[in-house]
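Asker: what's the 3D shape of this:
(one chain, ligands or ions: 1)
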Amino acid sequence: MALITGGTSGIGLELAERLASAGYCIIIVARDQARLELAAAQLSLDQPCEVLPLSVDLSKRDAAYEVVDLVEQHGRRVDVLVNSAGVGRRSAFVEQDVEAMLDMIRLNVASLTVLTRLLLPGMLERGFGRVLNVASATAYAADPTMAVHNATKAYVLSFTESLAEELRGTGVTATALCPGPTRTNFYDDAGALPAMTTGMMEAYEVAEAGFRGMMEGKTVVVPGASGKLLAGLARLIPGTVTQQVARRLGRR
Ligand SMILES: NC(=O)c1ccc[n+]([C@@H]2O[C@H](COP(=O)([O-])OP(=O)(O)OC[C@H]3O[C@@H](n4cnc5c(N)ncnc54)[C@H](OP(=O)(O)O)[C@@H]3O)[C@@H](O)[C@H]2O)c1
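Answerer: Numbers count the residues shown, from 1 in each chain. Modelled structure (predicted):
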């Protein structure tokens, strides 16, 4: 089966659709029960696949254990893990609510890492598996009012790159997907406009690139021109310049 966190909306839902089309039965994990049921109905309408919706808040401490327990209770095994659930919050670091900040770190970093840690042994035993971690093109860039969010995405990228090397030759691969600005609910929740609104990608385009890259076993996928531009510029231009650009864009 393919387990997709954040599989009820945006990039995660589109990835779930691609995996269902490829013949995988699907487990989707998110909080909102109504949206889980809607997404499960949508996924099984399009494809005759089994869909298991799990309502778990991945910002809670033991959430990844809870997910794996539920999967085992249902007698399922996971061959494809997509860690897409993630949030951002644009505000000055000193004004961030500490509990909300910790929730973001537990969701974007801790649950992603623990889920990967718990599900990888089974994949390795079977000699096949795919892990797709949704990072961001912002993993490459400093951004003064997204300090914690961008740091979590830099973690996801770095973690996945190292893991991919560790897994080489095992039949299991790890891929980091680094999208630029993409039209989803992300910016409603983040309380901010994206840094760039021109050239924003649609979630299905990002998912298509991520799905292909994951299945081919690529280590990093940066979809679309705007994401490649952000990632490329961040590598070429000194940090002070990207910080200034990000600060101006963040004020809009
Ligand atoms: N949109 C962009 O421009 C962009 C760019 C780069 C990277 N990304 C990354 O792409 C990933 C997907 O985001 P998206 O743009 O598709 O946003 P989205 O449409 O808001 O989807 C977020 C998904 O994550 C789930 N989620 C949020 N908090 C959760 C929690 N505490 N526990 C479990 N599930 C949770 C949501 O469901 P519930 O709310 O029901 O829990 C939803 O299914 C994120 O990791 C984001 O950082 C987005």
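Asker: so how far is residue 175 from residue 139?
Answerer: Residue 139 is 14 Å from residue 175, where distance means CB to CB, to the nearest Å. In short, each C-beta sits where N, CA and C put it, glycine included.
Asker: more neighbours, those two?
Answerer: A side-by-side neighbour count of residue 139 and residue 175, using other CB atoms under 10 Å, places residue 175 first with 27 against 24.
Asker: tell me which helix or strand the more buried one sits in.
Answerer: strand 172-177 (DSSP states H and E).
Asker: now the strands for the stretch 151-252 of the chain?
Answerer: Secondary structure of the stretch 151-252 of the chain (DSSP state E, counting those that start in this stretch): strands located at 172-177, 182-183, 201-202, 220-221.
Asker: for the last one, which outside residues touch it?
Answerer: Contacts of strand 220-221 from elsewhere in the structure, counted by CB atoms under 8 Å, 6 or more residues apart in numbering, are 157, 160-161, 175-178, 209-210, 212-214.
Asker: which ChimeraX command selects the buried ones in those?
Answerer: In ChimeraX, a selection of the buried entries from the contacts of strand 220-221 looks like this (16 or more other CB atoms under 10 Å):
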select :157,160,175,176,177,178,209,210,213,214
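Asker: what about the helix or strand where residue 65 lies, distance to the chain center?
Answerer: Assigned by DSSP H and E, residue 65 falls within helix 63-73. Computed by CA atoms, centre = their mean, to the nearest Å, the chain-centroid distance of helix 63-73 equals 19 Å.
Asker: residues of the chain that sit close to the ligand?
Answerer: With CB under 6 Å from any ligand atom as the criterion, the chain meets the ligand at residues 5-6, 8-12, 30-32, 35, 57-59, 84-88, 107, 134, 136, 179, 181-182, 184-186, 189, 194, 203.
Asker: list the buried residues in stretch 82-100.
Answerer: For stretch 82-100, the buried set under the neighbour-count rule, 16+ other CB under 10 Å, comprises 82-91, 96.
Asker: flag the shaky bits of the stretch 51-200 of the chain, pLDDT-wise.
Answerer: Low-confidence regions of the stretch 51-200 of the chain, defined by pLDDT under 70, span residues 189-198.
Asker: and for residue 113, the neighbour number?
Answerer: 17.
Asker: can you pull the contacts of it?
Answerer: residue 159.
Asker: roughly how far apart are it and residue 181?
Answerer: For residue 113 relative to residue 181 (CB to CB), the value is 25 Å.
Asker: next: residue 29.
Answerer: 25 Å.
Asker: sorry, back to before: which of the strands of the stretch 151-252 of the chain is buried the deepest?
Answerer: Mean neighbours per residue, mean count of other CB atoms under 10 Å, is largest over the strands of the stretch 151-252 of the chain for strand 172-177, with a mean of 27.
Asker: can you name the residues in contact with it?
Answerer: Residues from elsewhere that reach strand 172-177 (CB under 8 Å, 6+ apart): 11, 116, 120, 123-124, 127-135, 139, 156-157, 160-161, 163-164, 167, 206, 209-210, 213-214, 217-221, 223.
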